[in-house]
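Trainee: Below is the structure, and that's it, no one-letter string:
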C-alpha cells in the first residue's frame, strides 16, 4: 500500500501490508474460492468448476494495478476483480468460468474481504498492545514506589507515586483490549446476501452455502445480510478510536514528563531516533509524537464511520464507500500509535531522583492539605484552610519550606501551640508517608492488572492470523 511521505512514518509497514492491494485482493479472492467450494458441496455448481475457480483465485495470477485502476470507472473494486478472475479461470477451463461469483454481489466480496483483512489488522494491534502493557508493567516492577508529583490543571498538586501513574495508563489499555476482543468477534462476519440480500439465486441452498463459507473462512456466520446494517462494524471502529484516545493520553503524559524542565522520563534515543537536524542535544519524544498524531486524526475517522451509517435501502450510495476508505486509515493510525508507544515504553528511562527533586522543589506546598488537616483540629476546616493559604503564600514569597513556616506560626500562637500536635505536623510533611496512599492503591491495582493482562494474553483470539514475518 503506497502512502505519502508524511503518512508512512505515522503507521507501520506490517499494517500497510495488511491493507495493501495484494493483501486485500487476495482476501476477496479467498471469498470467491470459498464461495465456489461451498456451492459445489451443496451441488449448485460442478466440483470441477470449483476446483478451477479456487486454483485461479491467486493474486499472483492477476494484474492488481489494473484491477485497482479499473475500480474508479466501475465504482467498486469487486467488479474488475471478478472480471479478472473469470478471465483467469477461462484460460484453464472455459466452462468453469461461467460459475465464477455465482449468486453473490460486489458488496459480499468487498465486505468479506475487508473482514478477513481486519482480522489480521486486529491480530497486529492485539499483539503490540500486549507488548505495550508488558513494558508498562515491567516499569512498575522497577519503579512503582518512586514518589512523584501528581499534577492537576497542569500544576503540582500532591504526592503520588510512579506506580499509580503506570496503573492509570495500563488499566484503560486492558479495558480497550477486552472490548476489542468482544467487538471484533461480533463484527468479523461473513457477508453473503446476493443482489438484494436475500440469496435468491441460490434458492433453498443459500443458508447452507453461507454456513459452509463462514466455517471455511473462519468468520462468524451472519443471520442475514448486513449490507446496510453497519452497527457492529462501526462499533468495532469506534473501539479502535477509543484505544487511540487512550494511547494519546499516555503519549501526552510522557511528552510532558520528558520536557527538559521536568525531566522525569525520557524516551530511548540513538540510531537516529529523536534527534534534531539543528540541535545535537535534542532528545525528542518521537513515540509520543506518533501516538499524539494518531489521536488527532482518529476522532474524525470515527465520526466519518458514524456519519456513513444512514444508508439507502438495501445498498448504500457513497456512504458505504466512505466507510471503507476511512476504515483503512483508522487502523493504520492505531497500529502506528500502539507500536510507537510500545517501542518507547520498552526503552523508557525513569529518573526517580529527578522525580524526588521536583517534589522537594515545591517547598512542601504539596503537603499543605495534610498540614491543614492537623490544624483543623484546633481551628476547624475553614479556619485551617484560610491559614494554610496565607502561610503557603508566605512560604513562596520567602522561598522557605512550608513546614518551617507552619511550625513558626504555631509556635508564635499560644492557643495553637497548646492544641496542635507537632509530631502529627511533622508527619504531614513526610514525603514517604505522603506517598503511601498512592502506593497502596497502585500495588493493588497493578496486581489485578497483571492478572487481567495474563487472561487477555491467553485469549488472544486472532493470534493465529498474525501476518508472517
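Mentor: Thanks, I have the structure now. Remember, it's a predicted structure, so these values are computed and weren't measured experimentally.
Trainee: list the buried ones in stretch 31-43?
Mentor: The neighbour-count check on stretch 31-43 (16 or more other CB atoms under 10 Å) flags 31-42 as buried. Where C-beta positions appear, they are placed from N, C-alpha and C, glycine not excepted.
Trainee: Apologies, that question was intended for stretch 446-454.
Mentor: Buried, per 16+ other CB under 10 Å, within stretch 446-454: 446, 449-450, 452-453.
Trainee: cool, and stretch 344-357?
Mentor: Neighbour-count burial for stretch 344-357 [16+ other CB under 10 Å]: 344-346, 348, 350-352, 354-356.
Trainee: Just the residues contacting it, thanks.
Mentor: Residues outside stretch 344-357 that contact it (CB atoms under 8 Å, 6 or more residues apart in numbering) are 131-132, 135-136, 139, 142-143, 146-149, 162, 254, 262-268, 285-288, 431.
Trainee: so how far is the first residue of that stretch from its last?
Mentor: Terminal residues of stretch 344-357 lie 24 Å apart, using CA to CA, to the nearest Å.
Trainee: ditto for stretch 59-66
Mentor: Taking CA to CA as the measure, stretch 59-66 stretches 12 Å from start to finish.
Trainee: Please look at residue 47 and residue 40 and confirm they touch.
Mentor: Yes: the pair residue 47 / residue 40 is scored as a contact, 4.7 Å apart, by CB atoms under 8 Å.
Trainee: and stretch 206-218, average pLDDT?
Mentor: For stretch 206-218, the mean pLDDT works out to 98.
Trainee: who's in contact with that stretch?
Mentor: Counting by CB under 8 Å, 6+ apart, 30-31, 34-35, 37-39, 41-42, 44, 103, 112, 116, 119, 189-190, 192, 194, 198-200, 202, 219-222, 465 sit against stretch 206-218.
Trainee: thinking again about what came up before, which one among the buried residues of stretch 31-43 gets closest to residue 439?
Mentor: Of all the buried residues of stretch 31-43, residue 31 has the smallest distance to residue 439: 54.0 Å, by CB to CB.
Trainee: Packing partners of the helix or strand hosting that closest one?
Mentor: According to DSSP states H and E, residue 31 maps onto helix 21-41. Using 3 or more CB pairs under 8 Å, 6 or more residues apart in numbering; DSSP states H and E, the elements in contact with helix 21-41 are helix 47-56, helix 64-74, helix 78-92, helix 106-143, helix 206-217.
Trainee: Let's see that with 6 Å instead.
Mentor: Contacts defined by 3 or more CB pairs under 6 Å, 6 or more residues apart in numbering; DSSP states H and E place helix 21-41 against helix 47-56, helix 64-74, helix 106-143, helix 206-217.
Trainee: picking up where we left off before, dump the buried residues of stretch 344-357 into TSV; add distance to residue 385 as well.
Mentor: Output for the buried residues of stretch 344-357, formatted as TSV (distance: CB to CB, whole Å):
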residue	distance to residue 385
344	41
345	40
346	45
348	38
350	35
351	34
352	32
354	31
355	28
356	27
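Trainee: From these, which land in helices?
Mentor: Within the buried residues of stretch 344-357, residues falling in helices by DSSP state H are 344-346, 352, 354-356.
Trainee: ranges for the strands of the stretch 151-300 of the chain?
Mentor: For the stretch 151-300 of the chain, strands defined by DSSP state E, counting those that start in this stretch occupy the ranges 155-161, 265-266.
Trainee: buried set for the longest one?
Mentor: Spelled out, it's strand 155-161. So strand 155-161, judged by 16+ other CB under 10 Å, has buried residues 158-161.
Trainee: How about stretch 42-50?
Mentor: Those would be 42, 44-46, 49-50, for stretch 42-50 by 16+ other CB under 10 Å.
Trainee: Show me the two of those residues that sit farthest apart.
Mentor: Most distant of these, by CB to CB, are 42 and 49, 13.0 Å apart.
Trainee: right, and residue 146 touches residue 163 too?
Mentor: No: counting by CB atoms under 6 Å, residue 146 sits too far from residue 163 to count as a contact (7.7 Å).
Trainee: More neighbours: those two, which one.
Mentor: residue 163 (24 against 21; other CB atoms under 10 Å).
Trainee: From residue 151, how far off is that one?
Mentor: 16 Å (CB to CB, to the nearest Å).
Trainee: swap in residue 161?
Mentor: Residue 161 sits 13 Å away from residue 151, taking CB to CB as the criterion.
Trainee: what's the answer for residue 426, then?
Mentor: For residue 426, the distance to residue 151 - CB to CB - is 25 Å.
Trainee: Compare these two (neighbour count), which wins?
Mentor: residue 151 (17 against 14).
Trainee: Now do the contacts for the more buried one.
Mentor: Residues in contact with residue 151 (CB atoms under 6 Å, 6 or more residues apart in numbering) are residue 157.
Trainee: How much space separates it from residue 217?
Mentor: As judged by CB to CB, residue 151 and residue 217 stand 50 Å apart.
Trainee: What of residue 59?
Mentor: 16 Å.
Trainee: Now residue 135: closest residue in space that isn't a chain neighbour?
Mentor: Nearest residue to residue 135 in three dimensions, chain neighbours excluded: residue 345, at 3.6 Å (CB to CB, 6 or more residues apart in numbering).
Trainee: So for the one you found, what's the pLDDT?
Mentor: 98.
Trainee: swap in the one 3 residues further on?
Mentor: Residue 348 carries a pLDDT value of 97.
Trainee: likewise residue 409?
Mentor: Residue 409 is given a pLDDT of 96.
Trainee: What about it, how many residues nearby?
Mentor: 18.
Trainee: How about stretch 331-348, which residues are buried there?
Mentor: The neighbour-count check on stretch 331-348 (16+ other CB under 10 Å) flags 331-346, 348 as buried.
Trainee: meant to ask about stretch 264-271, not that
Mentor: 264-269.
Trainee: In this protein, which residue is most central in space?
Mentor: Of all residues in the chain, the one closest to the mean position by CA atoms, centre = their mean is residue 243, 3.3 Å from it.
Trainee: Spatially nearest residue to it (excluding sequence neighbours)?
Mentor: Residue 243 sits nearest to residue 176 (CB to CB, 6+ apart), 4.2 Å away.
Trainee: Quick one: residues contacting the one you found.
Mentor: Here residue 176 is in contact with 242-243, 246 (criterion: CB under 6 Å, 6+ apart).
Trainee: got those residues as CSV, with distance to residue 320 and pLDDT columns?
Mentor: Listed next are these as CSV, based on distance: CB to CB, whole Å; pLDDT from 0 to 100:
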residue, distance to residue 320, pLDDT
242, 23, 98
243, 24, 98
246, 28, 98
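Trainee: ok, so of those, who is nearest residue 5?
Mentor: For the contacts of residue 176, the nearest to residue 5 is residue 243 (25.9 Å; CB to CB).
Trainee: Can you give me the separation between that closest one and residue 175?
Mentor: Counting by CB to CB, the gap from residue 243 to residue 175 is 9 Å.
Trainee: mind checking pLDDT for the residue of the chain most remote from its centre?
Mentor: For the chain, the residue at maximal distance from the C-alpha centroid (CA atoms, centre = their mean) is residue 414, at 59.6 Å. The score at residue 414 is 93. That number is its pLDDT.
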